[in-house]
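Undergrad: Need a 3D model of the following:
(chains A and B)
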2 protein chains.
Amino acid sequence: MIEEEPIRMQEYHVIIIGGGPAGLTAGLYAARAHLSTVLLEAMIPSGQAYMAERIENYPGFPDGISGRELVERFVRQATTSGLEIRQFNKVESVARAGKTIIIEAGGGQFSTAALIIASGAQANTLGIPGEDIYTGKGISYCATCDGAFFKNQEVAVVGGGDTALEDALYLSRLAHKVYVIHRRDELRAQKILQQRALENPAIEVIWNTVIIEIKGTEMVKTVVIENKEGGIKRELSINGVFIAVGQRPNTDFVRGIVSLDEQGYIITDAECATSVPGIFAAGDVRKKGLRQIATAVGDGALAAAAAERYIALKT
Amino acid sequence: MIEEEPIRMQEYHVIIIGGGPAGLTAGLYAARAHLSTVLLEAMIPSGQAYMAERIENYPGFPDGISGRELVERFVRQATTSGLEIRQFNKVESVARAGKTIIIEAGGGQFSTAALIIASGAQANTLGIPGEDIYTGKGISYCATCDGAFFKNQEVAVVGGGDTALEDALYLSRLAHKVYVIHRRDELRAQKILQQRALENPAIEVIWNTVIIEIKGTEMVKTVVIENKEGGIKRELSINGVFIAVGQRPNTDFVRGIVSLDEQGYIITDAECATSVPGIFAAGDVRKKGLRQIATAVGDGALAAAAAERYIALKT
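TA: Numbering: from 1, shown residues only, chains lettered A, B, ... in the order given. Sure thing, here's the model as predicted:
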């Protein structure tokens, strides 16, 4: 079947990039404010939340809920309110033409007065055998999200930066034992975190060591670790592995357009406004103190309200 | 029955003041982080959300939910996670003794390393006949919350400040007609808001006029308005009344302790930290751009994480 469509600019009051909790909440609020709004999503609406087998810390679900069901509820609520979602519509570039913002995406050219970037971030993986299989089955990339599932158990944290040690300290109150597995002989984290971690009796740092495989049955049972100096391998019994080796925000398409921090996160003010008037950012893609579904929905609502005010006053 | 209990200081890692969505979310997060946590609530856990008959904009509930049911879910989730709630426990004062924070409340003296203030705010009322009866039945104190219920209807906004005109502009995209009823002959709002409201064909300002009664059957039908110059009364047919005559944050017990803005809201940084180390603020009580359940839960999670980090490093 041959399809020929004329190339035309599709205009909206608000365009949202990214269909995780932040983007879907921004869409809910913008649509409820009767702004014509489209959400562009590279895959299907999901976000990191979608992969979670069980979410217990999003307020409103005392019995827990799967990430998939929660995101499907967000989608239904936003679309019922009038949000248009275009999935499989990857954004290639963002540019400005006067006060108008022009977006090139898989589905063509879009223009808008207000853009909300909610394209999220991805945890770096170790890329080792067993990692895919046991993600959500003992492997986690977020201690605040999943720590409570490991009460009185033994866990390992992989990494040596601030997040790794913050995770280890957080987990030390929950788990019986916390190993920090670090590939070097010194930590990169701030001194005060190092001091607190090293003096904590529940935390043991395993230096110069990498995990080369994660094994289990239904759930993680052991990790195979290798000392980088002697090459000695051993197997460590463990119930959970927290991988804290950095995150990558999805901001390549706005590099050079809005201000980013050194890790690539979008810098905003308290109202989610970026360095460019009319462009807002919400959720994990923002430079911020905590990346949770609860904070993502807060950002989404705030960014939509800020966009609404911007449109009412500045355009 | 005579009860004699020795007065003793009750110690916690984290104390939360206020049992609305922000406080309950902070409690959920702090309890999940295995911090001993108590939430002190003057009445029963509720917040402004509790009064809402139907909430459609809290993400996760596509069919809407009553405020009461949503708050009850928050309570169940937080207490199941280990949060202790002490209701009918009004806080009288907050003081510092070195790094310890001392709280005097109905239930005695409490001490903590980290305090999260989530005591909320209350909308000012008009204090006129019909206002109590029709609150939630056509009367609203929040256009962002309830505007979508008045699509293609006629509504009135009471007030002349920034919030009143922002509400009027917001509602002008939803409602067929928006009256702004203002007691003076000039508006207090910023000039740009005045200009946009006055040039908007859907908005009509009724000057020098007050509402003296709100009437209806099941829902609001009319408002009785009185011109303050001539004293002429008339009845205006209306489906909704948005009252935007200010809010009062509940911060009397920390006046002189933490920095407040000119309206009494608590000033915080992006991580919900106040001017006093160890004291955090979350939800409507904070100076912030949008007061919604979605932003309150974001604040609650963030404040708890900040408190947790504070305790891990500073105490």
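
Undergrad: Please count neighbours and contacts with C-alpha atoms only from this point.
TA: Fine.

Undergrad: Okay, now the unreliable bits of the stretch 1-150 of chain A?
TA: For the stretch 1-150 of chain A, applying pLDDT under 70 flags the ranges A:1-7.

Undergrad: which residues does A:Val276 contact?
TA: A:257-258 (CA atoms under 8 Å, 6 or more residues apart in numbering or on different chains).

Undergrad: Report pLDDT for it.
TA: Looking at A:Val276, its pLDDT is 97.

Undergrad: wait, is it part of a strand?
TA: No: the assignment for A:Val276, made by DSSP: H, G, I helix; E, B strand; the rest coil, is coil rather than a strand.

Undergrad: Quick check: it vs B:Phe150, distance?
TA: According to CA to CA, to the nearest Å, A:Val276 and B:Phe150 sit 34 Å apart.

Undergrad: Quick one: name the residues of the stretch 151-300 of chain A near chain B.
TA: Residues of the stretch 151-300 of chain A found near chain B (CA under 8 Å from any CA of the partner chain) are A:166, A:169-171, A:173-174, A:192-193, A:196, A:270-271, A:288-290, A:292, A:294-299.

Undergrad: burial measure for A:Gly64, as a count.
TA: Number of residues near A:Gly64 (other CA atoms under 10 Å in any protein chain shown) recorded here: 16.

Undergrad: just A:Arg291 next, same as before
TA: Neighbour count for A:Arg291, taken as other CA under 10 Å: 21.

Undergrad: does the nearest residue to it once chain neighbours are set aside sit in a helix, a strand or a coil?
TA: Excluding its sequence neighbours, the residue lying closest to A:Arg291 (CA to CA, 6 or more residues apart in numbering or on different chains) is A:Asp284, at 5.5 Å. Under three-state DSSP, A:Asp284 falls in the helix class.

Undergrad: Which of the residues of the stretch 151-300 of chain A next to chain B fall within helices?
TA: Among those, the ones falling in helices (DSSP state H) are A:166, A:169-171, A:192-193, A:196, A:294-299.

Undergrad: ok, A:Gly107 touching A:Asn89?
TA: Yes: at 5.7 Å, A:Gly107 counts as touching A:Asn89 under the criterion of CA atoms under 8 Å.

Undergrad: Out of those two, name the residue with the larger neighbour count.
TA: Set side by side, A:Gly107 and A:Asn89 show more neighbours around A:Asn89, with 20 against 15, by other CA under 10 Å.

Undergrad: Double-check that that one belongs to a strand.
TA: No: according to three-state DSSP, the state of A:Asn89 is coil, so it is not within a strand.

Undergrad: Can you list phi and psi of it for me?
TA: phi -130, psi 80 (degrees, to the nearest 10).

Undergrad: before we move on, the earlier item: would JSON lines of the ones in helices among the residues of the stretch 151-300 of chain A next to chain B with distance to B:Gln48 and pLDDT be doable?
TA: Output for those, formatted as JSON lines (distance: CA to CA, whole Å; pLDDT from 0 to 100):
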{"residue": "A:Glu166", "distance to B:Gln48": "34", "pLDDT": "92"}
{"residue": "A:Leu169", "distance to B:Gln48": "35", "pLDDT": "95"}
{"residue": "A:Tyr170", "distance to B:Gln48": "32", "pLDDT": "93"}
{"residue": "A:Leu171", "distance to B:Gln48": "34", "pLDDT": "96"}
{"residue": "A:Ile192", "distance to B:Gln48": "40", "pLDDT": "89"}
{"residue": "A:Leu193", "distance to B:Gln48": "39", "pLDDT": "91"}
{"residue": "A:Arg196", "distance to B:Gln48": "40", "pLDDT": "93"}
{"residue": "A:Ala294", "distance to B:Gln48": "19", "pLDDT": "97"}
{"residue": "A:Thr295", "distance to B:Gln48": "20", "pLDDT": "97"}
{"residue": "A:Ala296", "distance to B:Gln48": "22", "pLDDT": "97"}
{"residue": "A:Val297", "distance to B:Gln48": "19", "pLDDT": "98"}
{"residue": "A:Gly298", "distance to B:Gln48": "17", "pLDDT": "98"}
{"residue": "A:Asp299", "distance to B:Gln48": "20", "pLDDT": "98"}
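
Undergrad: separation between A:Ile203 and B:Leu171?
TA: 55 Å.

Undergrad: what ranges do the helices span in chain A?
TA: A:21-32, A:67-80, A:131-134, A:143-146, A:162-172, A:191-198, A:293-314.

Undergrad: Which stretch among the ones you listed is buried most, on average?
TA: Comparing those by mean neighbour count (mean count of other CA atoms under 10 Å in any protein chain shown), helix A:21-32 ranks first with a mean of 32.

Undergrad: so how far is it from its chain's centroid?
TA: 17 Å (CA atoms, centre = their mean, to the nearest Å).

Undergrad: Does anything pack onto it? Which helices or strands?
TA: Judged by 3 or more CA pairs under 8 Å, 6 or more residues apart in numbering or on different chains; DSSP states H and E, helix A:21-32 is in contact with strand A:9-17, strand A:37-40, helix A:67-80, strand A:108-117, helix A:293-314.
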